[in-house]
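> Fold the following, please.
(one chain, ligands or ions: 1)
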Amino acid sequence: MPVIDVHTHIYPPTYVDLLRSRTTVPYVRTFPDVPDSSRLIILPGEDDPSALSTSRGRPIGPEYFDIAQKIAFMDAHKIDVSVISLANPWLDFLPANEAGDTARKINDDVDGLCARYPGRLYAFGTLPLSAPVETVVKEIERLAGLKHIRGVIMGTSGLGNGLDDPALDPIYAALEKHEQLIFLHPHYGLPSSVYGPRANEYGHVLPLALGFPLETTIAVTRMLLSQVWDRFTKLNVLLAHSGGTLPFLAGRIESCINHDGHLKKAGNTEGRRDIWDILKTNIYLDAVIYSNVGLKAAIDASGADRLLFGTDHPFFPPLEEHVGEWHSVSANYSAISSAFKGNEEPAKDVLGNNAIRILKLHP
Ligand code: 5CU
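Take a look at the predicted model:
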């Protein structure tokens, strides 16, 4: 039975060099109060000088950029194949005139990394979303010809105005035409004011546990409200972290749409596809939710045939030193075995068979 990890990141060496050359977020640097460790500063507000050294970014070691370490991690966790993706914030911060060339370079690098381990690595490409739309569409067309690429990873900002922006339509059309799935992943979270004045005392818990999933939920709901899937009925999107809170909130979202006088009057809801249809037709969910409670909601919402195992490596390493198996990974394995207790076939599908079918892999 193959085990396939569809949510596993890398910052290829070219990207790390780019981060090392920068002085504003995102960047990599060493701080005088923790001199032995380079820190990766990526999240908005993470370099606040009042933050304690341990809440200022995270230590960055070779597990973030060395592909041999990815393979070692896969071997240690019985993962046969990984579909690697550039981690956040992707190329969102680049000036328009640099984004196209950088995307080509990074995508070629990532495809080249996959070629070094035949049958073990595939990838989601990265789009130059700050460049003109034609440049983005060209890169989608080019990615469709790269051997190991199976879709694109994207954040929720789109071209700067979110994923309900009609200016994205040519990009959605190109992705749909070339059957490239979007792996939708959060980065920006929620405005830091919602975390309150004591937020710095709580490390990354509030933005990662709540900001990330809510960001995804809001982005997908805006896509739904702007009827992206009514215009692009074959556009497929894999949602990180089991859809944020979408499976749990889908009924409430649908009910609010059905009770909204403004939407009804504007005629925007006429003939629309509902959220349950889209969850079972266009949306795939990863199984990176660390508990069978959330996983069962994901299974109920989209079906066990649309759920795919993931780890989020190299994020969430154990805090203790010299731990063999990562707790974050065993939590996701356990959630699958507990959610499908006594029913091995769907568990195997989630662990690997679904990814082979959906992403057309040849492990
Ligand atoms: O720990 C983190 O900040 C993150 C992140 O930025 N991106 C991600 O995918 N997982 C964890």
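
> So which elements touch the helix ranked longest in the chain?
Looking across the chain with DSSP state H, the single longest helix is helix 96-115. Packing contacts for helix 96-115, counted by 3 or more Cβ pairs under 8 Å, 6 or more residues apart in numbering; DSSP states H and E, involve helix 13-20, strand 81-86, strand 121-126, helix 133-143, strand 149-154. Where C-beta positions appear, they are placed from N, C-alpha and C, glycine not excepted.

> quick check: angle from that helix to helix 133-143?
Here helix 96-115 runs at an angle of 10 degrees relative to helix 133-143 (axes from the mean of the first three to the mean of the last three Cα atoms, to 10 degrees).

> Quickly find the element holding residue 334.
Assessed by DSSP states H and E, residue 334 sits inside helix 327-339.

> Repeat that for residue 215.
helix 212-225.

> What lies in contact with that helix?
The contact list for helix 212-225 (Cβ atoms under 8 Å, 6 or more residues apart in numbering) reads 156, 162-164, 184-190, 229, 237, 239-241, 243-246, 249, 253, 257, 263, 268, 275, 278, 283.

> Return the subset of those residues lying in helices.
229, 246, 249, 253, 257, 263, 275, 278.

> How about the last one, nearest residue that isn't a chain neighbour?
In space, not counting the residues next to it along the chain, residue 278 is nearest to residue 229; the distance is 5.0 Å by Cβ to Cβ, 6 or more residues apart in numbering.

> what's the one you found in contact with, if anything?
223, 235, 273, 278, 281, 282.

> re the thing from before, could you dump the helices and strands packed on helix 96-115 into JSON lines with distance to the ligand and mean neighbour count added?
Conversion of these to JSON lines gives the following (distance: least, Cβ to the nearest ligand atom, whole Å; neighbours: other Cβ atoms under 10 Å):
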{"stretch": "helix 13-20", "distance to the ligand": "13", "mean neighbour count": "17"}
{"stretch": "strand 81-86", "distance to the ligand": "9", "mean neighbour count": "25"}
{"stretch": "strand 121-126", "distance to the ligand": "13", "mean neighbour count": "26"}
{"stretch": "helix 133-143", "distance to the ligand": "21", "mean neighbour count": "18"}
{"stretch": "strand 149-154", "distance to the ligand": "10", "mean neighbour count": "25"}
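
> need these in TSV with mean pLDDT and distance to residue 32, can you?
Listed next are these as TSV, based on pLDDT from 0 to 100; distance: least, Cβ to Cβ, whole Å:
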stretch	mean pLDDT	distance to residue 32
helix 13-20	95	17
strand 81-86	98	30
strand 121-126	98	33
helix 133-143	98	40
strand 149-154	98	34
